[in-house]
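A.B. asks: Give me a 3D structure for the following:
(one chain, ligands or ions: 2)
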Amino acid sequence: MGLNVTEKIIASHIVEGQMSPGQPIAIKIDQTLTQDATGTMAYLEFEAIGIDKVKTELSVSYVDHNLIQSDFRNADDHRFLQSIAARYGLYFSRPGNGICHQVHLERFAAPGKTLLGSDSHTPTAGGCGMLAIGAGGLDVAMAMAGQPFHLNMPEVVGVYLTGSLSPWVSAKDVILELLRQLTVKGGVGKVMEYFGPGVDTLSVTDRGAIANLGTELGATSTVFPSDKVTKAFLESQNREDQWSELLPDQDASYSKIIEIDLSSLEPMIACPSSPDNVKKVKEVAGRPVSQVIIGSCANSSLRDIMVAAKTLENRDIHKEVSFEINPGSRQVLENADVQGALKSLIHAGARIHQCGCLGCIGMGQAPATDTISLRTFTRNFPGRSGTKNDQVYLCSPETAVASAIKGIITDPRDLGEAPELELPDRFIINDNGIIPPTAHSDQVEIIRGPNIKPLPEFDPLPEDLTGLVALKVGDNITTDHIMPAGSKILPLRSNVPAISEFVFSAIDPSFPERAKKAGSVIIVGGENYGQGSSREHAALAPRYLGVRAKLVKSFARIHKANLINFGIVPMTFEDPADYEKIDQGDTLTIPGLRKAILSGAKTVTVRDSNGNTFQARLDLSQRDRFILAAGGLLNWVRAELSKDHD
Ligand code: MIC
Ligand code: SF4
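C.D. replies: Ligands and ions are numbered 1, 2, ... in the order given. Here you go, the predicted structure:
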């Protein structure tokens, strides 16, 4: 039987296991990327593995998240990352050069390759026909050390596109419609693969925007074919030599097919405070807005900036609105300038910021109290913007600019005729923001600032586990709840003791103190626990505070992998109704947990302090079990390496 594109890429990279959905497999990783907020930890881990040089075809370290330098800490991290890149043979994308996913698509993405990135939106590169997956920093460190990436073989869902988008409707509306249909849990364990005649009508950056938000479906990745459109994109980037065709076989099959007629779509918007709370723009039109931002790895390509600039020719921004542009990369900014976009944006009253994540991760741009902020971003989880009780809506650049003009949420079709966009066949390319690997890397000295603390050491899993339920939470808890970001907390990413003081601070600021006092903690949660970011600090910092296990209804993929990497046992309720029996403050005991894990047991018996007993599932591969018993991946790898030397 024929293969789809995802299966073709996996088949050419598989080193362990069989391509049957749900089964553990391991794949070779060709490229890696890190960004600064996850990167400092990933490189500390890479150093701890003790390899002399990265072993991938290409590894890039980007600085795009922690751009505010309100003291020495972020600037020190940037210098550390630059020296690490020079020392270990990586490309280094300098602060201000752009958001990792936008720059990677422009300069490095290549059809048929695999990419592992320590950022959950790494699948953006799937717009260029590659299999790009987000993971925790430690998994990326292992990939840089030449180790394969372990995952469960995903199901491949086909999204069959027909027709073409109407004026004022764009790629963001396609993925918002899918989020409406499937929700933030709809893609767990799946790769979303797009095919059909409608695909030809989408540019690579349109495809990138769709692949980017596939992460919000919980999907492992999103994959587009590599076709004539991909070829033209690589030509425009002066990289035609990296093109190869990659199409599904005629008789390829998918586990399920979802059909979308692009012509039938209209402007969509995700309402507060989840990316799947999607409505038609016209259903919420008329609400006053105070801030509108075009940017983030979802929508900051040249096309997206040009939509705003062209729409604003001869129009002004509404006087109650702060309209802001965060260009995705310096390449976008430079080309937008040459196209005359800056003139039109500045004249209309836009605030133009540097290229980077900025307000998307709460690094500035927090909206005013009790006002609506419209953003072309990826996530509107509660409080992520930096403002308590925020009202953040996610939309396309078209809806954003129309609303900035009118001062109220506006269906862009109300503006009349859509602007004509002409994009260059060849972009102006200037890679002086990217420093390539150096020849004499072994002479490079690594520069460490005082805020960069060594990795904590963790002990192996005990025979029996007893832990206090120091926190019980509900469904769809995000990593922004577990380990918040923002300008105050992000500078602590290389200092685990300091950052751990903020674990669950948005939900319960007294959690860290209770956890430390208890010494051993089990967290109880609902469905889709740990959705969102790839940040391993959401596992590492709780582990530092004494969290040894989590018992929930279901997990999000990357968070579960991070828990295992840091020796926290992920368990799910055999009967979800048992969730109700446990209260915060109870103590849970799991006798013989270590033995059960090592013997491959699928379930364990949990006793609570009220005398109830129930079953918890251990959905783990053999490798996961060894890692958990060792107390985490680094402990396990070190032990394995020392065995090799014996
Ligand atoms: C995000 O969008 O939440 C982030 C910040 O890019 C994270 C990574 C991080 O927490 O550093 C992600 O998506 O993985
Ligand atoms: Fe940066 Fe936002 Fe994209 Fe995360 S989602 S990589 S914070 S722009």
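A.B. asks: what about stretch 577-593, start to end distance?
C.D. replies: 22 Å (Cα to Cα, to the nearest Å).
A.B. asks: Let me see the residues that make contact with that stretch.
C.D. replies: Outside of stretch 577-593, the residues within contact range by Cβ atoms under 8 Å, 6 or more residues apart in numbering are 461-472, 522, 524, 526, 549, 551, 553, 569, 573, 596, 604-610, 612, 614-616. To be clear about C-beta, it is placed using only N, CA and C from the backbone, and glycine gets the same treatment.
A.B. asks: and these, which are buried?
C.D. replies: 461, 465-472, 522, 524, 526, 549, 551, 553, 569, 573, 596, 604, 606, 608, 614, 616 (16 or more other Cβ atoms under 10 Å).
A.B. asks: Give me the subset of the residues you listed that lies in helices.
C.D. replies: Among those, the ones falling in helices (DSSP state H) are residue 596.
A.B. asks: What about the buried ones among the contacts of stretch 577-593, which are in strands?
C.D. replies: Among those, DSSP state E puts 465-472, 522, 524, 549, 551, 569, 573, 604, 606, 608, 614, 616 in strands.
A.B. asks: I'd like to know how far the residue nearest to residue 289 when sequence neighbours are not counted sits from ligand 1.
C.D. replies: Leaving aside its sequence neighbours, residue 289 sits nearest to residue 372 (Cβ to Cβ, 6 or more residues apart in numbering; 4.6 Å). Residue 372 sits 21 Å away from ligand 1, going by Cβ to the nearest ligand atom, to the nearest Å.
A.B. asks: Would you confirm that residue 372 contacts residue 286?
C.D. replies: No: the pair residue 372 and residue 286 does not pass the contact test of Cβ atoms under 8 Å, sitting 11.1 Å apart.
A.B. asks: hey, what's in contact with both of the two?
C.D. replies: With Cβ under 8 Å, 6+ apart, residue 372 and residue 286 have common neighbours residue 409.
A.B. asks: count of neighbours near residue 47?
C.D. replies: 16 (other Cβ atoms under 10 Å).
A.B. asks: Kindly format the C-alpha coordinates of the helix or strand containing it as CSV.
C.D. replies: For residue 47, the enclosing helix or strand under DSSP states H and E is helix 36-49. Extracted C-alpha coordinates of helix 36-49, given in CSV (Å, rounded to 0.1, in the frame of the first residue of the first chain):
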residue,chain,number,x,y,z
ASP,A,36,16.8,31.2,24.5
ALA,A,37,14.1,30.6,27.0
THR,A,38,14.5,26.8,26.7
GLY,A,39,18.0,26.9,25.2
THR,A,40,20.1,27.8,28.2
MET,A,41,18.8,24.7,30.1
ALA,A,42,19.1,22.5,26.9
TYR,A,43,22.8,23.4,26.6
LEU,A,44,23.5,22.9,30.3
GLU,A,45,22.1,19.4,29.7
PHE,A,46,24.1,19.0,26.5
GLU,A,47,27.2,19.9,28.4
ALA,A,48,26.2,17.4,31.1
ILE,A,49,26.0,14.6,28.5
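A.B. asks: Who are the contact partners of the residue most central in space within the chain?
C.D. replies: Residue closest to the mean C-alpha point of the chain, counted by Cα atoms, centre = their mean, is residue 120 at 1.6 Å. Applying Cβ under 8 Å, 6+ apart, we find residue 120 in contact with 134, 215, 532-534, 558.
A.B. asks: if we can go back for a sec, ok, now which ones touch the residue nearest to residue 289?
C.D. replies: Contacts of residue 372 (Cβ under 8 Å, 6+ apart): 287-291, 391-393, 409.
A.B. asks: what about the strands in the stretch 251-400 of the chain?
C.D. replies: 256-261, 268-270, 278-280, 291-294, 322-325, 351-352, 372-375, 391-394 (DSSP state E, counting those that start in this stretch).
A.B. asks: Any chance of those strands in TSV with mean pLDDT as columns?
C.D. replies: TSV is the format used below for the strands of the stretch 251-400 of the chain (pLDDT from 0 to 100):
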stretch	mean pLDDT
strand 256-261	98
strand 268-270	99
strand 278-280	98
strand 291-294	98
strand 322-325	98
strand 351-352	98
strand 372-375	98
strand 391-394	98
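A.B. asks: These into JSON lines, with extra columns for distance to residue 85?
C.D. replies: Putting the strands of the stretch 251-400 of the chain into JSON lines (distance: least, Cβ to Cβ, whole Å) gives the following:
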{"stretch": "strand 256-261", "distance to residue 85": "40"}
{"stretch": "strand 268-270", "distance to residue 85": "36"}
{"stretch": "strand 278-280", "distance to residue 85": "39"}
{"stretch": "strand 291-294", "distance to residue 85": "30"}
{"stretch": "strand 322-325", "distance to residue 85": "29"}
{"stretch": "strand 351-352", "distance to residue 85": "28"}
{"stretch": "strand 372-375", "distance to residue 85": "31"}
{"stretch": "strand 391-394", "distance to residue 85": "33"}
